[in-house]
Each structure stands twice: as C-alpha cells, then as structure tokens.
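>>> What follows is a predicted protein model with its sequence.
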Amino acid sequence: MNVPRPAQRTRIPLVVGLVVGALLLGACSAATTPTVPAPTPGPADSSSPAASSPAASGSVAPASPSTPATTTKLTVGLGYIPSVQFAPFYLAAQAGYYRDAGLDVTFQNGNDADLVRLVGTGSVDIGLADGTSVIPAVSQGIPVRYVATIYAKFPNVVLARTTSGITTAADLKGKKLGTPGKYGSSWIMLQALLSSAGLTTSDLDVQLYPDYGQGTALGQGAVQAATGFANNEPVQLGLAGIPTTVLTVDDIVPLPGNGLIASVSTISAKHAALAAFVAATLRAMKEITADPSKGLDASIVAVPDLGKDRATQQAILAATIGMWSNAYTGANGLGAIDPSAWTKTVTFMAGLPGSPIGGPAPTVDQLVDTSLLAP
C-alpha cells in the first residue's frame, strides 16, 4: 500500500479524498530524533507525483515450457512507491505463479486517487486501493468493485509516545495531534476512533503536515500524537528507540482496509484471468506468512535498495503480515470480504459531517464482488 521525501519512503498500501492504498513504509535512521518517512498517500492524500521503479514495474519473467499457449496481459496498479509492502506481488511474479496461470503481468506504481480512476476506466486492470476510497468513488459513479481483501486489519492508526500517558481515545482530548490533512482514510479513522470516546476532532488541537511529516514531528516532540500506518511509523520509531502506544479502530468501526479492486467491465471481460491473479497473489501471501524471508528476498530482488537495511525491511514486513488476517479471514480464508464490515462503514461514513460520500450511499452489492475468490 507506499513517500518520496527523505530516506526511502514507501507507501501502500491504500481514492477520491482518501488515504489508500495503500500504505508504505521506508527506512529511518536510528538517531535519538528519528526521521520517519511519510506514509504513502492514499486515494485522497495523494498529492505528490507518481513514482515508478523499473525493477518493480517490469513484466514478469519470460514464459517457460510450462507456460500456457495463450496469455492474458494484466496491468496491475500498486501503491505510490515500490516497497516491501508489496512482497506477495513480487514473489508471485518471480516464482512464476502469474506466468503459470497464463498471465503476462506488468506492475504500475502511482497515486491511489489516480489508481481508482484508472481502474474505473479500464486503463489499469486491477489495483490495490483502500476500502474507504472505494465507497465515495462508487457513490460518485466510478464503476469499481473491491474483489479481494489484502489488509484485513485497517492499517491507519493513531500513535503516541508511551511516555505521553495516552493509552485510550479519551486521552486524546485537548492533545496536539499531527495528520496530513482533514481528508482521507486517516481522517475517517480518527473520527471513528474519537467517536468511541464521545469526542470529535474539534476536541483536539489538530496540526496539519501536508508533507506527511507527522511521524517525525511526533519523534521530535512537536505533537503528542499522530496519525500513521501500523506498519510504518510505529515500527520505525521503535527501531529508533522511541516506543509508542498504538490506537486502532478495528473494534470500533471495522473499516475495510486495502484490497484489490477492478472495474465492472474488466471483471466481465477478464474474469478468469483476474481470478487467477487473485489466487496466485493469495498463494504468495500464504507462503510469506509461513516464511517471511521469501517475501523479503523477493522484495529486495524487485527493489534492490531495500537490501541496504534488511533489518528494518524485515520489521516492516512482519508488521505488514500481521495485518493480512483477522477473525473473519481466519474463518473464511485469506482474501475473504466481510460484508457486515462494509455495511457498518457505509453507515458510519454517510453520517460524518461533510461526508465524503458524494451521492446516495451505495449498497454492499454495489461495492464488492466476491466472484473472483475461490469458493
């Protein structure tokens, strides 16, 4: 899911005014005052120019004798900057899972807001986007569907230094909190988190960091709390010797995290190919969960610079793996889509002041399509 600022900032994991897709992380120095890379801007938080990497964006390896006689080309949109967060995609490509399924896959990196639009028009066949970005997109007439869950746990979080005394949402009252802007999935998450304590964002002193420097600000003590990604700022601050308390929204409003999306027309035209892509990606996720070194090695092959700080990337990958599953996917399998979570999220977002839903609230059937998942 995924940010181009100092150090190697990556972003994801996770439209239309929402932080997506994705999410990504980067490396930060282990100094007393760490420089925490900005998380990847999502659908609505994407204001920086898109980036790409030849190593991570090229087509998969040439066909082998076992490759099907005919192949289907798929353009796959990932998060802002190539990173270890995309390990399943890199492994599936390098291990030949896509090729053996008759797929000619090309990865494309870019902003999530652009990605949702490109998927909707069919310019990109399938991509990784934040679930809270899909809802406003569909309400505004963009014909996309969420087809497989990648982040079963919502990656956006609020974090605070453990020394701050902030341990619950109620403790945020009156505190100075840093965030990129009053939009996107981080902003939606913050409102959901505060609502559990009977608070609103007006009860906080919100400081804006449009350059995604809120993690650095927290490390320097400029703010007492900050929004971020569970597999980015908490990991990097911890490695820099600054332990944090992380507040999550999953038990309050089960916001759908980053997952694969495709347009209605592409699902119809390339159904078998997309189903094969989803299956191959989930296969790689299972393998990486069992043996994280496979994912780390594949990521370094795709993005060689990641090998400069293997320990940091390993920690980021471990945190990322932890978000791929929850109770629902544990019972229904990786990739499973929880319809009740989507229903609750639509209801919550529709009730927000200045709701990002620009039209009638969409139904779950208008948002998700489970036909690409194996029965």
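Looks like it arrived, so ask away. Residues are numbered from 1 along each chain as shown.
>>> which residues in the stretch 101-250 of the chain form helices?
Counting by DSSP state H, counting those that start in this stretch, one finds helices in the stretch 101-250 of the chain at the ranges 112-121, 131-139, 184-195, 214-220, 233-239.
>>> Could you pull up the mean pLDDT of the first one?
Confidence for helix 112-121, expressed as mean pLDDT, is 88.
>>> again, but for the longest one
The average pLDDT for helix 184-195 rounds to 96.
>>> That one: which residues count as buried?
By 16 or more other Cβ atoms under 10 Å, the buried positions in helix 184-195 come out as 184-195. C-betas here are computed from N, CA, C, even on glycine.
>>> same for that helix, what does it pack against?
On a contact count with 3 or more Cβ pairs under 8 Å, 6 or more residues apart in numbering; DSSP states H and E, helix 184-195 meets helix 131-139, strand 156-161, strand 176-179, strand 225-229.
>>> Tell me which of the ones you listed sits nearest to Tyr90.
strand 225-229 (19.3 Å; Cβ to Cβ).
>>> Paired strands for that closest one, with orientation please.
strand 156-161 (antiparallel), strand 176-179 (parallel) (DSSP bridges).
>>> Arrange those strands in TSV, one row each, with mean neighbour count, mean pLDDT and distance to Asp205 as further columns.
Compiled in TSV, these are given as follows (neighbours: other Cβ atoms under 10 Å; pLDDT from 0 to 100; distance: least, Cβ to Cβ, whole Å):
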stretch	mean neighbour count	mean pLDDT	distance to Asp205
strand 156-161	25	98	14
strand 176-179	23	98	4
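>>> Mind checking those strands for the one nearest to Ala374?
Of all the strands paired with strand 225-229, strand 156-161 comes closest under Cβ to Cβ, at 28.7 Å.
>>> quick check: angle from the closest one to helix 131-139?
Put simply, strand 156-161 runs at 150 degrees to helix 131-139, going by axes from the mean of the first three to the mean of the last three Cα atoms, to 10 degrees.
>>> Make 17 the first number, not 1, from now on.
Understood, numbering begins at 17; the last thing we discussed is strand 172-177.
>>> roughly how far is strand 172-177 from the heart of the chain?
Taking Cα atoms, centre = their mean, to the nearest Å, one finds the center of strand 172-177 at 16 Å from the center of the full chain.
>>> Take the helices and strands packed on helix 200-211 and write them to TSV, including distance to Ile283.
TSV is the format used below for those (distance: least, Cβ to Cβ, whole Å):
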stretch	distance to Ile283
helix 147-155	14
strand 172-177	27
strand 192-195	35
strand 241-245	29
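>>> between these, which one is nearest to Asp266?
Using Cβ to Cβ, those put strand 172-177 closest to Asp266, at 9.6 Å.
>>> next helix or strand past the helix or strand of the chain with the lowest mean pLDDT?
Sorted by mean pLDDT, DSSP states H and E, the helices and strands of the chain end with helix 70-73, the least confident at a mean of 42. Tracing the chain past helix 70-73, the next element assigned as helix or strand by DSSP states H and E is strand 88-94.
>>> mind showing which ranges of the chain have poor pLDDT?
17-85, 128-129 (pLDDT under 70).
>>> and it, what are its domains?
Listed domain ranges for the chain are 70-169+272-385, 172-263 (source: automatic domain parsing).
>>> Let's have the ones you listed in CSV, adding distance to Pro391.
Converted to CSV, these look like this (distance: least, Cβ to Cβ, whole Å):
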stretch, distance to Pro391
domain 70-169+272-385, 10
domain 172-263, 30
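>>> Now Ala103: closest residue in space, sequence neighbours ignored.
The spatially closest residue to Ala103, leaving aside those adjacent along the chain, is Gly311, at 3.3 Å (Cβ to Cβ, 6 or more residues apart in numbering).
>>> And that neighbour, which helix or strand is it part of?
Assignment of secondary structure by DSSP H and E places Gly311 within helix 308-318.
>>> separation between Gly200 and Tyr106?
26 Å (Cβ to Cβ, to the nearest Å).
>>> quick one on the thing from earlier: pick the most deeply packed of the helices of the stretch 117-266 of the chain.
helix 147-155 (a mean of 29; mean count of other Cβ atoms under 10 Å).
>>> How far does the longest helix along the chain sit from its chain's centre?
Assignment by DSSP state H gives helix 287-306 as the longest helix of the chain. Centre-to-centre, helix 287-306 and its host chain are 17 Å apart (Cα atoms, centre = their mean).
>>> quick one, that helix and strand 88-94 angle?
Using the same axes, to 10 degrees: helix 287-306 against strand 88-94 is 50 degrees.
>>> Could you tell me the angle between the direction of helix 287-306 and that of helix 308-318?
Using the same axes, to 10 degrees: helix 287-306 against helix 308-318 is 120 degrees.
>>> Now do the buried residues in helix 287-306.
Neighbour-count burial for helix 287-306 [16+ other Cβ under 10 Å]: 289-301, 303-305.
>>> hey, C-alpha coordinates of that helix in PDB?
Taking Å, rounded to 0.1, in the frame of the first residue of the first chain, the C-alpha atoms of helix 287-306 are listed here in PDB:
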ATOM      1  CA  HIS A 287     -13.000 -12.800 -15.200                       C
ATOM      2  CA  ALA A 288     -10.900 -16.000 -15.500                       C
ATOM      3  CA  ALA A 289      -7.600 -14.000 -15.700                       C
ATOM      4  CA  LEU A 290      -8.400 -11.800 -12.700                       C
ATOM      5  CA  ALA A 291      -9.500 -14.800 -10.600                       C
ATOM      6  CA  ALA A 292      -6.200 -16.500 -11.500                       C
ATOM      7  CA  PHE A 293      -4.300 -13.300 -10.500                       C
ATOM      8  CA  VAL A 294      -6.100 -13.200  -7.100                       C
ATOM      9  CA  ALA A 295      -5.500 -16.800  -6.400                       C
ATOM     10  CA  ALA A 296      -1.700 -16.500  -7.300                       C
ATOM     11  CA  THR A 297      -1.400 -13.500  -5.100                       C
ATOM     12  CA  LEU A 298      -3.100 -15.100  -2.100                       C
ATOM     13  CA  ARG A 299      -0.900 -18.200  -2.600                       C
ATOM     14  CA  ALA A 300       2.100 -15.900  -2.200                       C
ATOM     15  CA  MET A 301       0.600 -14.300   0.900                       C
ATOM     16  CA  LYS A 302       0.200 -17.700   2.500                       C
ATOM     17  CA  GLU A 303       3.800 -18.600   1.700                       C
ATOM     18  CA  ILE A 304       5.200 -15.400   3.100                       C
ATOM     19  CA  THR A 305       3.100 -15.700   6.200                       C
ATOM     20  CA  ALA A 306       4.700 -19.200   6.700                       C
END
